[in-house]
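> What shape does this take:
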Amino acid sequence: MGGRGRVMTAPVTISERDLRTLLGIVTDHRSDLPPAGLPTSLLMELKDQIPCDELSFFGFDPAGHTCWFYQGIPDDAADDAAYEQEFWGNYWDFDPFTYYERTGDLRSVTKISDFYSAPRFHNTGLYSDYSRPIGIEHHLATSLPAGPLDPPGPGRRLCVMFFRGSGPDFSERDRDLLALLHPHLHQAYLDAERRRRPVPQLTPRHWELLRLVAAGHTNAQIARRLDVTEKTVGKHLENIYTRLQVSSRTAAVTRAFPDGATQTAPAATGRAG
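Reported below is the predicted structural model:
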């Protein structure tokens, strides 16, 4: 990993109480669902478990130098935005940030110290232009796959980052806690996306047809499977597009099956609809 690699340490012990607390963070039903991202209360509890000065969760496109959403605990995104140009100007030269682009690894939890010694970090352009002005000395980070309803594109992903200023680096316990939570955080994000976009109101015939579309069948193949004309299939698709507020087959399947689970949609019951 990076230039230095992860240093081998003694096993970290996590108690049963810790595990119950962690699972509660990501499984509790929360009413404070924001327009994008995760519930603020979830992020606040996560920050309590892995103490830091700031926690950020965001969806971003490194190639396009853009974020499609950003959450910060505490909420000081405006302060960080003042250094956006410096951040992107040094992004591609900073190994901890480009780890995913170099490896495609969406599972590991990394620290700056995995890649740089403190003197070498302090000698980077990112530190002098960005980290030092806003007081960052340490970070702990992991990436998550973008959701099926997020803006598409190569390299786009979600990122969870914990920041500390002066003081000790993040511990191996901190790293292991975030590693344990990694798949659950992704599921919590997908659950939040589903709650923001409820299951579309489609007829049983619409669901039956969409499953066939998702399986890659053409209109002609679907017509034969359902014993209807291609014109009827086309009309059904037009109705589906209208109800889902989309304009293509791919978008319709993504909207109807946001996590790819075509078997969890309402079952078709007969051919009426």
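
> Regarding stretch 117-136, how distant is the last residue from the first?
15 Å (Cα to Cα, to the nearest Å).

> Give me the distance between it and the centre of its chain.
A distance of 26 Å separates the centroid of the chain from that of stretch 117-136, by Cα atoms, centre = their mean, to the nearest Å.

> mind listing what's buried in the helix or strand residue 69 falls within?
Residue 69 is part of strand 66-73, with elements assigned from DSSP states H and E. Using 16 or more other Cβ atoms under 10 Å as the burial criterion, the residues of strand 66-73 that qualify are 68, 70-73. The way it works is simple: take the backbone N, C-alpha and C, and place the C-beta from them, glycine included.

> since we're on residue 75, how many residues are nearby?
Look at residue 75: counted by other Cβ atoms under 10 Å, it has 11 neighbours.

> now swap in residue 223 and tell me
When counting by other Cβ under 10 Å, one arrives at 18 neighbours for residue 223.

> Closest one to residue 216 out of the buried residues of strand 66-73, please.
Taking Cβ to Cβ as the measure, residue 216 lies nearest residue 68 of those, at 28.6 Å.

> That closest one against residue 147, yeah?
No - with contact defined as Cβ atoms under 8 Å, residue 68 does not reach residue 147; the gap is 10.7 Å.

> that older thread, with distance to residue 33 and pLDDT added, can I get the buried residues of strand 66-73 in CSV?
Formatted as CSV, those follow (distance: Cβ to Cβ, whole Å; pLDDT from 0 to 100):
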residue, distance to residue 33, pLDDT
68, 17, 92
70, 16, 93
71, 12, 94
72, 17, 93
73, 16, 94
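
> Tell me how this structure divides into domains.
Domains of the chain are assigned by automatic domain parsing as 16-196, 204-264.

> hey, least reliable of those domains by pLDDT?
Among the domains of the chain, domain 204-264 has the lowest mean pLDDT, at a mean of 87.

> And that one, how far out from the chain middle?
Centroid separation for domain 204-264 versus its chain: 27 Å, with Cα atoms, centre = their mean.

> Equivalent analysis for stretch 127-147, please.
16 Å.

> now stretch 151-163
6 Å.

> Quick check: buried residues in that stretch?
156-163.

> Any figure for the gap between the most centrally placed residue in the chain and residue 57?
For the chain, residue 158 is the residue whose C-alpha lies nearest the centre (Cα atoms, centre = their mean; 3.6 Å). Note on residue 158: its distance to residue 57, by Cβ to Cβ, to the nearest Å, is 7 Å.

> got it, and residue 40?
For residue 40 relative to residue 57 (Cβ to Cβ), the value is 10 Å.

> Which one of those two is surrounded by more residues?
Neighbour count, other Cβ under 10 Å: between residue 40 and residue 57, residue 57 has more, with 23 against 16.

> Could you double-check that that one sits in contact with residue 162?
No - the criterion here is Cβ under 8 Å, and residue 57 misses it with residue 162 at 10.2 Å.

> report the longest helix in the protein, please.
Longest helix in the chain by number of residues (criterion: DSSP state H): helix 172-196.

> And that helix, what does it pack against?
Under the contact definition 3 or more Cβ pairs under 8 Å, 6 or more residues apart in numbering; DSSP states H and E, helix 172-196 sits against helix 16-27, helix 40-49, strand 138-145, strand 157-164.

> in it, what counts as buried?
In helix 172-196, counting by 16+ other Cβ under 10 Å, buried: 172, 174-178, 180-182, 185-186, 188-193.

> Who are the packing partners of the following helix or strand past that helix?
Sequence-wise, the next helix or strand downstream of helix 172-196 (DSSP H and E) is helix 204-214. Counting contacts by 3+ Cβ pairs under 8 Å, 6+ apart, helix 204-214 is packed against helix 219-226, helix 230-244, helix 249-256.
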